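Chemist: below is the structure, and that's it, no one-letter string:
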């Protein structure tokens, strides 16, 4: 089997996984969308209440930084749920969800990062993404700790 045929077979398998995840109600897409909607509403309401309380009380803190970005926080939690073994998504989509979860992680942690560490963090993200893609294309298992 040539490289082109291998890549085509992998792409077809991944496409079937996506179609199955979207169409099959047992796979969890509807559940994951509902979790996302509920979490967005919950984080948004929490942010609103914290801001109201902080405006009333002069000495009150503004609360966790997660509440500054409720959409990123909700997306992160939803992607972590979807990428879990019990999330219902196929393995290839779980790997993709893990890659996508890096974006909200970076959004949530960037204010706390020292500016000198930002290039190193982005380098780790790129290496993690390449490792996940290598695993998806090559089917190479991860090295296990003994």
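Modeler: Cool, the structure landed. Please read all numbers here as calculations on a predicted model, not as lab measurements.
Chemist: give me every residue that touches residue 102.
Modeler: 125, 128, 129 (C-beta atoms under 8 Å, 6 or more residues apart in numbering). For every residue, glycine as well, the C-beta is placed using N, CA and C.
Chemist: name the helices or strands packed onto whichever strand or helix holds the second one?
Modeler: If I follow you right, that is residue 128. Assigned by DSSP states H and E, residue 128 falls within helix 118-138. Contact analysis of helix 118-138 by 3 or more C-beta pairs under 8 Å, 6 or more residues apart in numbering; DSSP states H and E lists helix 3-23, helix 91-100, helix 102-109 as its packing neighbours.
Chemist: of these, flag the one that's most buried.
Modeler: Ranked by mean neighbour count, those are led by helix 91-100 with a mean of 18 (mean count of other C-beta atoms under 10 Å).
Chemist: report all helices and strands that that helix contacts.
Modeler: On a contact count with 3+ C-beta pairs under 8 Å, 6+ apart, helix 91-100 meets helix 3-23, helix 70-82, helix 118-138.
Chemist: follow-up on the earlier one: nearest to residue 85 among the contacts of residue 102?
Modeler: residue 128 (19.0 Å; C-beta to C-beta).
Chemist: nearest residue to the residue nearest the centre of the chain other than its sequence neighbours?
Modeler: Geometric centre of the chain, nearest residue: residue 101, 2.0 Å, by C-alpha atoms, centre = their mean. Nearest non-adjacent residue to residue 101, counting by C-beta to C-beta, 6 or more residues apart in numbering: residue 79, 4.0 Å away.
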